[in-house]
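1. Attaching a predicted model along with its sequence, questions to come.
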Amino acid sequence: MNLMRRALLGAIGTMIGGKPSSAKETRPDSGGETTTQNEAEESSVTPRHVVCFLGKERDLSRLSDAASQAIRDFAKGFSIDEDYSQSEPDDRMSQSFAVCWDRVEADAWSPADEDAVADHQSVLYILGPSMAQAETVKVSMLALRLVERLIDAGAVAVKGESAGIAHGLDRWRELIRQGAEATEAADPLSEQRIGRLAFAKRPLSAPGYLESVGFHLVGLPEVYVPETAGSERQIVAIMDAVADEIAQQGLEPTLKGRRAGLSFDSTYAVDEFKFNPYGIVRLPK
């Protein structure tokens, strides 16, 4: 099985295996494996988006045709995954979305969104291109435009597989609107923040910390905050503030100002979509 197939299969399995706990989720057991700094530096794996779309019909043609047209129009490098897309329901999706719903933003999803997942009749996976760090924000904005195009074509639910994040359709539309405004204003910092809110997941739990997953999709390291730093919402605010500081000031000034360290000892293997090649910023306990 090639790297792409293995990584996607692992992502789907992870989405099924996790269990939410209020706003916090426990990361599935990695079996004790870690990625060292040397392995991270030697890795040729770069971030990429994988987005799951659910349809209401047992026919993928409407969604796949819309995706193909979007790829021709603007989403160069994206492709339809023919191996895992299917014109029938996937009975794992209700549990998978239950794990992945964003529990930070108020009203991020509704009972109607949960019903749409339960009643879906088809599944389409879109694979993004491998991204160099300098291209991540641009490509993430294209991924958001692709989400818009497929919602307009009839997708009833959308989930970012690369970090395990799902929003309801109204929340996706709001993120799409914000992303379009930031792009029109040529505001890359706003684009980066919106891409992070759309495609990254936080908080998840790690021993002694709460962590982000998916910041690499906008070219940033993950942020680990000690679990003693406050409530979950306070810790999420710290994560977001640190990410904004890195984007605005640079990594080294942020590490110095926060008395933080940069680590590459990831619990995710280098061939997993959740692996962040830009490392982990660990705030001091």
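-> Nice, thanks for sending it over.
2. Okay, now the unreliable bits of this protein?
-> Residues of the chain meeting the criterion pLDDT under 70: 1-44.
3. can you map out the strands along it?
-> Along the chain, counting by DSSP state E, strands occupy 19-21, 24-26, 50-55, 79-80, 122-127, 157-160, 165-167, 201-206, 209-213, 222-226, 261-263, 280-282.
4. Tabulate the ones you listed (JSON lines), appending distance to Ala112 and mean neighbour count.
-> Bear in mind the C-beta positions are built from the backbone N, C-alpha and C, glycine included. Supplementary listing: the strands of the chain in JSON lines, determined by distance: least, C-beta to C-beta, whole Å; neighbours: other C-beta atoms under 10 Å:
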{"stretch": "strand 19-21", "distance to Ala112": "19", "mean neighbour count": "12"}
{"stretch": "strand 24-26", "distance to Ala112": "23", "mean neighbour count": "17"}
{"stretch": "strand 50-55", "distance to Ala112": "13", "mean neighbour count": "24"}
{"stretch": "strand 79-80", "distance to Ala112": "27", "mean neighbour count": "16"}
{"stretch": "strand 122-127", "distance to Ala112": "19", "mean neighbour count": "23"}
{"stretch": "strand 157-160", "distance to Ala112": "10", "mean neighbour count": "25"}
{"stretch": "strand 165-167", "distance to Ala112": "13", "mean neighbour count": "24"}
{"stretch": "strand 201-206", "distance to Ala112": "22", "mean neighbour count": "22"}
{"stretch": "strand 209-213", "distance to Ala112": "27", "mean neighbour count": "23"}
{"stretch": "strand 222-226", "distance to Ala112": "32", "mean neighbour count": "25"}
{"stretch": "strand 261-263", "distance to Ala112": "41", "mean neighbour count": "15"}
{"stretch": "strand 280-282", "distance to Ala112": "37", "mean neighbour count": "24"}
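5. among those, which is nearest Asp102?
-> Closest to Asp102 of the strands of the chain, according to C-beta to C-beta: strand 165-167, at 5.4 Å.
6. Who are the packing partners of that closest one?
-> Counting contacts by 3 or more C-beta pairs under 8 Å, 6 or more residues apart in numbering; DSSP states H and E, strand 165-167 packs against helix 93-100, strand 157-160, helix 188-199.
7. Before I go, just wanted to say thanks for your time.
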